[in-house]
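*Asks:* here you go, sequence then predicted model.
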Amino acid sequence: MTLRFEGYVKSPDGFGNGTYEVLHPKGASIEITRSLFEGDVLRITSVRNTPDPALEKARGIRFYDGNRKLFDGYLRAPDYRRGSNKYRSLTTDVYDWRKELEAIYITESAGGTESYVNQSIDFILADLCRMANSAGVVKKQTYKYDPSRLPYYPSFFATELISPTFTNTIWDAFTELTKLMDILEVSRTGQWAIKVDSLQDDNYIYIIPQMISIDTVAFGNFEVGAGFSDLLTHPYGLMLWAKTLTDITGSNLTLSITYTDQDGLNPNTANLTIPKDTPKGTYFPVSLEQGDTLVKDVTNITGLGGGTGNAVRIEGKDTRTLPDWKLQPPKGIGKDYKKLLNHVVIKGKGNLKTQTLGDTPLLDTVSITSNDFYVNPATQPTMRNYLKVTVSNPTGSDKTGSVKLRGFSGPPEGPDELLEERFYLKVPAGQVINHATDNRYYSLSMNVSPNTGLNITGFWGCTVKVEEFMFGVAGRSINLFGLRADIIPKMDFDTQLKCDSYAHELVESYHAPTVYISASLKPRYIDTSDLVGKTVRLEDELTGNQMDFLCTKQVLRFSGKEKYEQIEAMRFNYDWEYAE
């Protein structure tokens, strides 16, 4: 471990963009906190009997472990405290460059606006970097947006034209832009965030939009008889896995995989044997050459054995795997129920708002004529949705009973699952009770009794109505946790699709509790590489399996020859059928 501090020195003659000089903070302990949601902070704590002029002024600061840059930011406010024994306690906080973006107004004064008309997200991100470079402190590096640096680059960044108006700071503009990314993103589940990355390069501070989701990339496919199909690459590299796309028949299938490693070196070769009779959908970790940890690209795959048409996908996922034996006990794990959302309404421009219910009831108000009433819907859901069942009691006495629904999860010609559920209701005299279904139905049964779509018992003299929830509602979550609703007003959304999509995105992410893990590493397994925003595989006692988590915070401490690493990671439960 060779630690090195550097401080920025402005070019005295105005030529060039300055340089960094080596600093020597004596007796200092160092703590770096990297956070996906709050930015990064480096804290220097030392006890001295003399001042340290190098750390008394605002300046750029870098911190290295050998050739690996661990931190790059700006020293803002050193804090000296004199003790009775004439020693000073010096605490210095150095913030990453996100703090500067939070302070730069998008126009020359507060309250101004910047409007774009029919511009791509790529253009707007680059233009916001231009504004930041025009207003930031003098420093060696510049802000840059480079699509090739993104872990995942969607095509709509270049093709979709948008017309947003931004107010206040550059960082506020980035934040607003992520909401539009959430709406336009349809191929992956997760919300967008902005990472300010100054560790990749000494000359640039990269603005990196990334999804708050598990990082997975398909590098390529191999099919017996057809060969290798090249797919995607990854900017910083992931661990390598093989996934069977078909059952493996005939004989064992041996693969030779040529790849580019974490340092950009190619060719490297990894070998893997998949046993005969391995079922479709099975994952195998792929061991790399000695010294290699991650893969940026797979450039070729050859194979021996297997049966004609047998297919395997080579994927990258996870940056580190940390089983419990690499962690210092105790490890903290738990569920966060505070952020639950199972009903969201987004209000856009004018009268636009999220469409919660379908235009046409599946079963309009029908009188219940017996205590064992069977009825089929008049129409079917428009897509696979939760349903809303309304029982109205116009009588003078309380009514109790149950409602049974029978339907299917998919179209009759495709993979399908029979869905049945029954729930109990008590409807007081003269009142109306609504209930959301636990299941999402693609269709309801249209058979004759007793296999009708609905079977209602005990509500003779009442009426029933069935509608479909369209967007922003998770019925199963409502039944599990109670209604957790939110109305988000004054969103700058000008289409129905935007109001519906954003509500759906929020509910899909937060309808079930988020799982959090906090853990410290045993000394021999500490790695100072930036893990924030990347995927780490951890043992999840709540499921009994190893699961993929997104690292949201990483803390590194250095004192003398000792070093310490702690991580915090989260996992969304996207499964609509989540149950406890």
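*Replies:* Thanks, I have the structure now. As the structure is a prediction and not an experimental result, all values here were calculated from the model.

*Asks:* quick one: buried residues of stretch 425-442?
*Replies:* Buried residues in stretch 425-442, counted by 16 or more other Cβ atoms under 10 Å: Leu425, Val427, His435, Ala436, Thr437, Asp438, Asn439, Arg440, Tyr441, Tyr442. Placement of C-beta: from N, CA and C, glycine included.

*Asks:* show the average pLDDT along it.
*Replies:* For stretch 425-442, the mean per-residue pLDDT is 96.

*Asks:* the longest strand seen in the chain - contacts with which helices or strands?
*Replies:* Longest strand of the chain, by residue count under DSSP state E: strand 545-559. Of the remaining helices and strands, those touching strand 545-559 by 3 or more Cβ pairs under 8 Å, 6 or more residues apart in numbering; DSSP states H and E are strand 29-35, strand 514-521, strand 535-540, strand 562-571.

*Asks:* closest one of the buried residues of stretch 425-442 to Phe284?
*Replies:* Arg440 (32.7 Å; Cβ to Cβ).

*Asks:* start to end distance for stretch 283-299?
*Replies:* End-to-end distance for stretch 283-299: 20 Å, by Cα to Cα, to the nearest Å.

*Asks:* how far is that stretch from where the chain is centred?
*Replies:* Relative to its chain's centre, stretch 283-299 lies at 24 Å (Cα atoms, centre = their mean, to the nearest Å).

*Asks:* and that stretch, what's buried?
*Replies:* Phe284, Val286, Leu288, Asp292, Leu294, Val295, Lys296, Asp297, Val298, Thr299.

*Asks:* pLDDT-wise, which helix or strand of the chain ranks last?
*Replies:* In the chain, no helix or strand scores lower on mean pLDDT, DSSP states H and E than strand 79-82, which sits at a mean of 61.

*Asks:* right, and the helix or strand after that strand?
*Replies:* Toward the C-terminal end, the helix or strand that comes next after strand 79-82 (DSSP states H and E) is strand 88-96.

*Asks:* contacts for the helix or strand just after that following strand next, please.
*Replies:* Once the chain leaves strand 88-96, the next helix or strand it forms, by DSSP H and E, is helix 98-103. Contact with helix 98-103 is made by 39-40, 73-74, 76, 132, 136-137, 143, 169-171, 174, 196, as judged by Cβ atoms under 8 Å, 6 or more residues apart in numbering.

*Asks:* and the angle from the longest strand of the chain to strand 514-521?
*Replies:* Going by axes from the mean of the first three to the mean of the last three Cα atoms, to 10 degrees, strand 545-559 is angled at 50 degrees with respect to strand 514-521.

*Asks:* list the strands paired with strand 545-559, with their directions.
*Replies:* Looking at strand 545-559 with DSSP bridges, its partner strands are strand 29-35 (antiparallel), strand 535-540 (antiparallel), strand 562-571 (antiparallel).

*Asks:* roughly how far is the last one from the heart of the chain?
*Replies:* Between the centre of strand 562-571 and the centre of its host chain there is 18 Å, according to Cα atoms, centre = their mean.

*Asks:* residues making contact with it?
*Replies:* Strand 562-571 is contacted from outside by 1, 322, 514-521, 523, 526-528, 531, 536, 538, 540, 547-558, using Cβ under 8 Å, 6+ apart.

*Asks:* again, only using 6 Å
*Replies:* 514-518, 520-521, 526, 536, 547, 549-557 (Cβ atoms under 6 Å, 6 or more residues apart in numbering).

*Asks:* go on, the first one?
*Replies:* Identification of contacts with strand 29-35 by Cβ under 6 Å, 6+ apart yields 40-43, 45, 71, 532, 553-559.

*Asks:* out of these, which comes closest to Ser155?
*Replies:* Proximity of the contacts of strand 29-35 to Ser155 (Cβ to Cβ) peaks at Val532, which lies at 26.2 Å.

*Asks:* out of the contacts of helix 98-103, who's the most crowded?
*Replies:* With neighbours taken as other Cβ atoms under 10 Å, the top of the contacts of helix 98-103 is Asp40, carrying 28 neighbours.

*Asks:* residues touching that residue, list them.
*Replies:* Per Cβ under 6 Å, 6+ apart, neighbours of Asp40: Arg34, Asp96.

*Asks:* mind running it again at 7 Å?
*Replies:* Asp40 makes contacts with Ile32, Thr33, Arg34, Phe71, Gly73, Asp96, as judged by Cβ atoms under 7 Å, 6 or more residues apart in numbering.

*Asks:* bridge partners for the closest residue to the first one other than its chain neighbours, pull those for me.
*Replies:* Taking Cβ to Cβ, 6 or more residues apart in numbering as the measure, Ile32 lies nearest to Leu556, with 4.4 Å between them; neighbours along the chain are not counted. Counting by DSSP bridges, Leu556 is bridged to Ile32, Glu565.

*Asks:* Tyr20 versus Leu556, what's the distance?
*Replies:* 20 Å (Cβ to Cβ, to the nearest Å).

*Asks:* what about the two, which has more around it?
*Replies:* Leu556 (24 against 18).

*Asks:* and which of the contacts of Asp40 is nearest to Lys243?
*Replies:* For these, the nearest to Lys243 is Arg34 (30.7 Å; Cβ to Cβ).

*Asks:* how many residues are close by the closest one?
*Replies:* 25.

*Asks:* again with the one 4 residues further on
*Replies:* Residue neighbour count, defined by other Cβ under 10 Å, stands at 12 for Glu38.

*Asks:* hmm, Glu114 and Ser163 touching each other?
*Replies:* No: using Cβ atoms under 7 Å, Ser163 is not in contact with Glu114; the gap is 11.8 Å.

*Asks:* overlap in contacts, the two.
*Replies:* If you check Ser163 and Glu114 against Cβ under 7 Å, 6+ apart, no residue is contacted by both.

*Asks:* residues in contact with the most centrally placed residue in the chain?
*Replies:* Centroid-nearest residue in the chain, with Cα atoms, centre = their mean: Ile212, separated by 1.7 Å. Counting by Cβ under 7 Å, 6+ apart, Ile212 touches Gly190, Gln191, Ala193, Leu550.

*Asks:* show me what the third one is bridged to.
*Replies:* Listed beta-bridge partners, Ala193: Gln210 (assigned using DSSP bridges).

*Asks:* so it makes contact with Lys179?
*Replies:* No: here Ala193 does not reach Lys179: they are 10.9 Å apart, not a contact under Cβ under 7 Å.
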